[in-house]
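J.: Got a predicted model here, sequence first, then my questions.
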Amino acid sequence: MYMNRLTIKNIGPLKSVSVNLAKYNLFIGPQSSGKSCILKIASFCNWVEKRIELSQSPDDYLNEVSFWKRLVDYHRMNGFIKKGFLIKYESPFMAFSISGSPESIQFSFKWKPRNRWQYCRPQIAYIPAERNIVAVIPNWFDISFSNDNNTQGYMSDWENARNTFSQYYKLDILNLGVSYYKDNGQHKESILIDKNTEIAFQNASSGLQSIVPLCGLINYLTYHEIHRPRKLSVAQERELNNLQDILYKERFTQSNGTMAVGRVDDITNNYPEPRIKFFGSFKEESRFSEIVENYSLTQYVSIYLEEPEENLFPSTQYELVKWMAEQINSTKNNSLCIATHSPYILSSFNNLIQAADSKDNINVESVVGKSTAIPFEEINVYAVDKGTVKDIKDYELRLISQTELDAASDAIASDFSKLLEQ
């Protein structure tokens, strides 16, 4: 699993923040402390990286138009950008930074030559806290926004996801005895409770209205989007053909003038005549095809999730965390970034970290399930407060720090003790 580095300065409530992004990333802190701000910027940087890799050029995405449109407008961060701001992102494939002031922005970029063609294409999804909009507003798909934003992007993703589930392929929600499906014939969404009681999705409890689209979207992304061929637009065809030409030129040449293997590229709208690329061996041609597939088909998902605990009882939060870990662990390089207020979410992840360190596989399987275990090295946990972050992993115990988990309870208990003394 690759580790990325993100630095943020002077944006919204964030003064100076540096975090490592692994397979799992948790940010906990008070409201308005900057947790979602970190998620939004991390999501934006992931998107910029993807677009640069597919276009093989930073010029169209590291500029002021993309910055204001794809970060500030899309993630609704107007007024967050301050003088002396900095966004610095570094991955195994590239490094770039965006800095300056709202009036004068500077951009820098460099490739990492060593890993130049090892990139794999992700599907990036941002799941906002207001995800129950798709249940409480019956005509949500007709809502028009003044500009593209992450709520609209989420609704578009949910539109794709919900069409996957039907009367014949229902979505089971954790261990709640509840299923969701969409009846396309009657244009309605239903919740089935204990296999015999059916209610309209829009009439379900607030907890179900929050968790159904969350589980539905994560299930769709992790199981239905991976490696799925899709119809390309003319612009996407042109982009992919350009990428293949650059790849061939940089990595694959004729061997001693011997054209041992020929590859006929797809005939497309842009290239009506077959184009032939020659390779020195079948191994070279196979590697070329593998790299092209890594760029053209979704290989994994990166999910950015606000407040998974929303409207959920603590025991359900625990079941949700175990379920999400199973989905994320299903494919190499899947990643999950969470902003939360809930210590129950962190305690739940602690159990899964402990499960990975346990040598009793039978016990792990019976308690949480082996497929939910999370190695300590694959999770980063940060407390966000007063414009900075603090790493709250206990590297000696190889768990999330218990002191941080109990901080809120200790404060409440302290007041209770004082009241008893009076």
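T.: Looks like it arrived, so ask away. As the structure is a computational prediction, the values presented were derived from the model and not from experiment.

J.: Report the helix or strand with the lowest average pLDDT across this protein.
T.: Using mean pLDDT, DSSP states H and E, strand 261-264 stands out as the lowest-scoring helix or strand of the chain, at a mean of 54.

J.: after that strand comes which helix or strand?
T.: Sequence order places strand 276-279 as the next helix or strand after strand 261-264, per DSSP states H and E.

J.: counting contacts, what elements does the helix or strand harbouring Y344 pack onto?
T.: Per DSSP H and E: Y344 is located in helix 343-357. Here helix 343-357 touches strand 24-28, helix 314-328, strand 379-385, strand 399-400, helix 402-405, going by 3 or more CB pairs under 8 Å, 6 or more residues apart in numbering; DSSP states H and E. No exception for glycine: its C-beta is placed from N, CA and C like everyone else's.

J.: By mean pLDDT, show me the worst of those.
T.: Note on the helices and strands packed on helix 343-357: lowest mean pLDDT is at helix 402-405, with a mean of 77.

J.: any weak-confidence spans in the stretch 301-422 of the chain?
T.: Along the stretch 301-422 of the chain, the model assigns pLDDT under 70 to residues 407-413, 415-416, 418-419, 422.

J.: thinking again about what came up before, which of the helices and strands packed on helix 343-357 sits most buried?
T.: strand 24-28 (a mean of 23; mean count of other CB atoms under 10 Å).

J.: Listing partners with orientation, what would you give for it?
T.: Strand pairing for strand 24-28, using DSSP bridges, gives strand 335-340 (parallel), strand 379-385 (parallel).

J.: Turn those into JSON lines, columns for distance to I8.
T.: Shown next, in JSON lines, are the strands paired with strand 24-28 (distance: least, CB to CB, whole Å):
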{"stretch": "strand 335-340", "distance to I8": "14"}
{"stretch": "strand 379-385", "distance to I8": "11"}
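
J.: distance between stretch 134-150 and the chain's centre?
T.: Relative to the centre of its chain, stretch 134-150 is centred 21 Å away, using CA atoms, centre = their mean, to the nearest Å.

J.: Residue numbering should commence at 175 henceforth.
T.: Okay, residue one is now 175; in that scheme the one you just asked about reads as stretch 308-324.

J.: For that stretch, what does the pLDDT average out to?
T.: Mean per-residue pLDDT for stretch 308-324: 77.

J.: Next, the buried residues of it.
T.: Of all the residues in stretch 308-324, those buried under the rule 16 or more other CB atoms under 10 Å are 308-309, 323-324.

J.: do the same with stretch 389-401
T.: For stretch 389-401, the buried set under the neighbour-count rule, 16+ other CB under 10 Å, comprises 389-396, 399-400.

J.: what's the answer for stretch 346-356, then?
T.: Neighbour-count burial for stretch 346-356 flags 347, 352-356 (criterion: 16+ other CB under 10 Å).

J.: Make a markdown table out of those and add secondary structure.
T.: Formatted as a markdown table, those follow (DSSP: H, G, I helix; E, B strand; the rest coil):
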| residue | secondary structure |
| --- | --- |
| I347 | strand |
| V352 | strand |
| S353 | strand |
| Y354 | strand |
| Y355 | strand |
| K356 | strand |
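
J.: CSV for those residues, including distance to K544 and pLDDT?
T.: Output for the buried residues of stretch 346-356, formatted as CSV (distance: CB to CB, whole Å; pLDDT from 0 to 100):
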residue, distance to K544, pLDDT
I347, 22, 96
V352, 25, 95
S353, 25, 96
Y354, 27, 96
Y355, 30, 94
K356, 33, 93
